[in-house]
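[1] Dropping the sequence and predicted coords here.
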Amino acid sequence: MSDYDAEFEKRFDFQKERQRHFGDEAPVAVNARNAQIEDWTPSMRDWRSWVKFELPYYNPNNPIPIPTVEEIEAARGTDDDITQNLPCSASVYRVGAFAVKPSSRPRLLHASISTDHGHRLWLMKKLQEAENLMYLEKHCPDLRVPRVHAVFEHQGGDPLGLMKQSPNRFPDRASLPTYYYAVFELLPGKSCYPEVWDTPSKGAKATVKRKMGEQMRLLRAVPPPEPAYYGRIYHQGWPTIVSPLLHSAPYGTQLGPYDTHEAFVNALQESVIWRRVLQISDRFYESENVP
């Protein structure tokens, strides 16, 4: 145990905190209660509670037509399937001058994609990513980030190949789920894996670092809102599942915004306590005489 952990345990009574957060001190009961609390509530399933812009969104300054669903689907399994070269499970396709991200695979156990946790999680992240990029395009046009060309939903496309993978579950296009598509500008470049970073000379690496520093300075120069607050753009909070603030709350719950430094620090402290009370360590089992 680190000195920090030891000091933390001296300051807080974790049995008391488990009781405060979950109404029980037993670790199994605490984790079972947390699983119930974390389930999505009806209000949190609605994407309108996550962002301020409306769907469908089409950038009015698009220089050329965005890809069709048929073109996006045709990129799967080809050299334009960028997913094959990325260390992630999400699908990303190159279609002309665009990078397209369709929503994640639905769980085949459910009759409707609207009940799927993974789909809602993807949708929340991508909508907020798109909103952040649109904000930067407006407030920091010199920053080298991809432009958002469109975000829309469509039923009938098969960007993940479900009809081939699960023909019994998806015998035709009418049986396919509704997908959301995020269409971004495709910025050329290479993923900076260790073996890639080891290749350039010291001078080339110094150039990369300098350019990265320039981008960071541009990002930090974006003027803060007035009055200032801690939260997402447009005075929005952070969702519990994609932020450093974790609390006992249904998926999709917004934490914040926090209008004072004290409120934000208190929320961070509560988050640390919440994480710790969910940890089931050997030392805790020993204290409960559990083999």
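    Sure thing, it's come through.
[2] Domain ranges for this protein, per the record?
    Listed by automatic domain parsing, the domain ranges of the chain are 3-44+225-287, 52-189.
[3] got CSV for those domains, with mean pLDDT, distance to Ala204 and mean neighbour count too?
    The way it works is simple: take the backbone N, C-alpha and C, and place the C-beta from them, glycine included. Below are those laid out as CSV (pLDDT from 0 to 100; distance: least, CB to CB, whole Å; neighbours: other CB atoms under 10 Å):
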stretch, mean pLDDT, distance to Ala204, mean neighbour count
domain 3-44+225-287, 75, 34, 14
domain 52-189, 86, 14, 16
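[4] Can you say which of the ones you listed is nearest to Gly203?
    Nearest to Gly203, of all the domains of the chain, is domain 52-189, at 18.9 Å by CB to CB.
[5] ok so, going back, mind checking the domains of the chain for the one nearest to Leu218?
    domain 52-189 (4.8 Å).
[6] Reformat the domains of the chain as TSV; add distance to Ser201.
    Formatted as TSV, the domains of the chain follow (distance: least, CB to CB, whole Å):
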stretch	distance to Ser201
domain 3-44+225-287	37
domain 52-189	18
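[7] I'd like to know which of the ones you listed is closest to Asp198.
    When the domains of the chain are compared by CB to CB, domain 52-189 sits nearest Asp198, at 17.1 Å.
[8] Span of the closest one from start to end?
    The straight-line separation of the ends of domain 52-189 (CA to CA, to the nearest Å) is 31 Å.
[9] and that domain, how far from the chain's centre?
    Relative to its chain's centre, domain 52-189 lies at 14 Å (CA atoms, centre = their mean, to the nearest Å).
[10] next one: stretch 255-274
    Averaging C-alpha positions (CA atoms, centre = their mean) puts stretch 255-274 20 Å from its chain's average.
[11] For it, output the C-alpha coordinates as PDB.
    In PDB, the C-alpha atoms belonging to stretch 255-274 read as follows (Å, rounded to 0.1, in the frame of the first residue of the first chain):
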ATOM      1  CA  LEU A 255     -22.300  15.400 -13.200                       C
ATOM      2  CA  GLY A 256     -21.900  19.100 -12.900                       C
ATOM      3  CA  PRO A 257     -21.400  21.700 -14.200                       C
ATOM      4  CA  TYR A 258     -19.700  23.100 -11.100                       C
ATOM      5  CA  ASP A 259     -19.800  26.900 -10.700                       C
ATOM      6  CA  THR A 260     -17.200  27.100  -8.000                       C
ATOM      7  CA  HIS A 261     -13.800  25.600  -7.300                       C
ATOM      8  CA  GLU A 262     -14.900  24.300  -4.000                       C
ATOM      9  CA  ALA A 263     -17.900  22.400  -5.500                       C
ATOM     10  CA  PHE A 264     -15.600  20.800  -8.100                       C
ATOM     11  CA  VAL A 265     -13.000  19.700  -5.600                       C
ATOM     12  CA  ASN A 266     -15.800  18.300  -3.400                       C
ATOM     13  CA  ALA A 267     -17.100  16.300  -6.400                       C
ATOM     14  CA  LEU A 268     -13.600  14.900  -7.100                       C
ATOM     15  CA  GLN A 269     -13.200  13.900  -3.500                       C
ATOM     16  CA  GLU A 270     -16.600  12.100  -3.500                       C
ATOM     17  CA  SER A 271     -15.500  10.300  -6.700                       C
ATOM     18  CA  VAL A 272     -12.300   9.000  -5.100                       C
ATOM     19  CA  ILE A 273     -14.300   7.800  -2.100                       C
ATOM     20  CA  TRP A 274     -16.900   6.100  -4.400                       C
END
